[in-house]
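Trainee: please find the sequence and the predicted model below.
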Amino acid sequence: MNRNRLLAGLAAAALLALILSSFVYREFKRIASVSASGPMRSIVVAAEPLELGTRLDASMLRTIAWPANAPVAGMFTSIQDCVNRALITSVAENEPIMASKLASTDSGAGLPATIPPGMRGLSVAVNNVIGVAGFVTPGTKVDVLVTGAIIGANGAAGPTITRTILENVQVLAAGQKTQQDRDGKPETVPVITLLVSPEHAAILAMASSEGKIQLALRNTVDTRMVNPPPVSQAALFAEADPPAPARRARKSRLAAPPPAATPYTVEVINGGKREVKSFPNE
């Protein structure tokens, strides 16, 4: 039965692949016919793979023919419109250069050009543990935790707690690298640059200065905000309550009275008369 199911699954997969390939072939054929019959225009594409933060020059770009009746929003038709602008994302060879992939003309190049308006890039010192064994790389998302002592109203240090202060923060750079390793290999770096708001930048600066921060790596598609409660050192390492002693039955202070003594009985015969008399047993 398992073999029959396997064969049925393979047959269904082959049929689906055939349908998809036929659909793709028809679409390519339709586009080719439209391209051959309709007017064409130029569109700017990357002449080579380009990394995030690259300032474009004419040698990095080229134009290809594109159907004039199928425009793409944000595309460029002139190389000069893209020159001296920085990429805010990586592009592959022959990938169209779109307006959404370029920083403004006065944003400069490199990492600053990749920071959106209103946001900040803040670097924090890390080690192999804080950097999650080198897997905190550009493009990943992290939560930021801080461990420190609670400061009382009188300024005295109180109990130690660990609190999650930031969630779902994007990593802009690891060390001086703004690109993730294509093979996903870990790399130990001394600093991590995070993309944060101005308010969160102040919180992160205080946490890294006055406490001990820790980064928690998260899935890049998981954007849910959890807001976990803080954990106190006292609660985490508190001594377990000793088991309650077994209660013993209390002895009565008053001794139970001794059982009453059985009285002596004597049978007295007086002539033809019998009589039984009792005498206390003391």
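Mentor: Received the coordinates, thanks.
Trainee: where does the stretch 1-150 of the chain have low pLDDT?
Mentor: The stretch 1-150 of the chain contains residues with pLDDT under 70 at 1-18, 20-21, 23-25, 27-37, 107-108.
Trainee: okay, strands next: where are they in it?
Mentor: Here the stretch 1-150 of the chain has its strands, by DSSP state E, counting those that start in this stretch, at 40-46, 61-67, 120-125, 141-151.
Trainee: possible to save these as CSV with distance to residue 185?
Mentor: All C-beta atoms are positioned from the backbone trio N, CA, C, and that covers glycine. Output for the strands of the stretch 1-150 of the chain, formatted as CSV (distance: least, Cβ to Cβ, whole Å):
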stretch, distance to residue 185
strand 40-46, 25
strand 61-67, 30
strand 120-125, 22
strand 141-151, 18
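Trainee: could you dump those to JSON lines with mean neighbour count?
Mentor: Below are these laid out as JSON lines (neighbours: other Cβ atoms under 10 Å):
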{"stretch": "strand 40-46", "mean neighbour count": "18"}
{"stretch": "strand 61-67", "mean neighbour count": "15"}
{"stretch": "strand 120-125", "mean neighbour count": "16"}
{"stretch": "strand 141-151", "mean neighbour count": "18"}
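Trainee: to residue 197, which of the ones you listed lies closest?
Mentor: With Cβ to Cβ as the criterion, residue 197 lies closest to strand 120-125 of those, at 7.0 Å.
Trainee: what strands line up against the closest one, and which way round?
Mentor: Paired with strand 120-125 in the same sheet, following DSSP bridges, are strand 191-196 (antiparallel).
Trainee: how about residue 126: what's its closest non-neighbour residue?
Mentor: If the residues on either side of it in the chain are set aside, residue 126 comes closest to residue 192, at 5.1 Å by Cβ to Cβ, 6 or more residues apart in numbering.
Trainee: try residue 169
Mentor: Per Cβ to Cβ, 6+ apart, closest to residue 169 is residue 194, 5.0 Å.
Trainee: count the residues that sit near the one you found.
Mentor: Using other Cβ atoms under 10 Å, residue 194 has 23 other residues around it.
Trainee: could you pull up the residues touching it?
Mentor: Each residue near residue 194 by Cβ atoms under 8 Å, 6 or more residues apart in numbering is listed here: 121-124, 142, 144, 166, 169-172, 204.
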